[in-house]
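# Sequence and computational prediction follow.
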Amino acid sequence: VQLVESGGGLVQAGGSLRLSCAASGITFRTHAAAWFRQAPGKDREFVAAINRITADTYYSDSVKGRFTAARDNAENTVYLQMASLKPEDTAVYYCAAGFQPVVAPSDYSYWGQGTQVTVSS
């Protein structure tokens with residue numbers, strides 16, 4: 001199983017980025033997908049998730065209304081569209097796959113390598 005994230009980078013506050021996570025060895029039709037982030041010195045934090053069956057999406061309060069998670073079944077890829085970015089969004093962003101779209105990192109079996117997002121003020 002492999003999850004490969006891409007799309008991170010440096011952006012000014014107020015800007016946008018789109019992260020991608022391509023899966024091999026599993027499909028996002030049978031696994032919930034989630035995005036987490038981890039800033040230096042902080043715990044890994046839930047950002048968003050997509051239900052494997054309904055494709056319903058869930059967001060943390062800190063990103064609700066600014067970030068949008070989506071899934072492309074044909075490409076077996078999930079995306080995180082991030083808008084109105086703030087300096088506090090700076091972190092390494094990770095894609096994860098598991099059984100349920102929950103907030104606890106420990107409930108996810110598969111993880112990507114992470115992609116750095118840096119938002120300058």
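Arrived safely.

# Point me to the residue sitting closest to the centre of the protein.
In the chain, the C-alpha nearest the mean C-alpha coordinate belongs to residue 35, at 2.4 Å (Cα atoms, centre = their mean).

# so that one, which of the three states?
Counting by DSSP: H, G, I helix; E, B strand; the rest coil, the backbone at residue 35 sits in strand.

# Would you confirm that it contacts residue 82?
No - if you go by Cβ atoms under 8 Å, residue 35 and residue 82 don't touch, sitting 9.5 Å apart. Every C-beta, even on glycine, is put in place using the N, C-alpha and C of the backbone.

# Quick check: neighbours shared by these two?
Taking Cβ atoms under 8 Å, 6 or more residues apart in numbering as the criterion, residue 35 and residue 82 both touch residue 19.

# Surely residue 2 touches residue 25?
Yes - using Cβ under 8 Å, residue 2 makes contact with residue 25 at a distance of 6.0 Å.

# Residue 42 and residue 90: what is the separation?
The gap separating residue 42 from residue 90 is 11 Å, by Cβ to Cβ, to the nearest Å.

# Of the two, which one has the most company?
residue 90 (19 against 9; other Cβ atoms under 10 Å).

# Report back the residue of this structure that's furthest from centre.
Here the chain reaches farthest from its C-alpha mean at residue 121, the gap being 22.2 Å by Cα atoms, centre = their mean.

# pLDDT score for it?
On the pLDDT scale, residue 121 is placed at 94.

# OK, contacts around it?
13, 87.

# Check residue 16 too.
Neighbours of residue 16 in contact, by Cβ under 8 Å, 6+ apart: 81-85.

# Most neighbours among the residues you listed, which one?
residue 82 (26 neighbours).

# what are the phi and psi values for that residue?
Phi and psi for residue 82, reported as degrees, to the nearest 10, are phi -120, psi 130.

# now the one 10 residues further on
Phi and psi for residue 92, reported as degrees, to the nearest 10, are phi -90, psi 130.

# what pairs with it across the strands?
On the basis of DSSP bridges, residue 92 is bridged to residue 38, residue 116.
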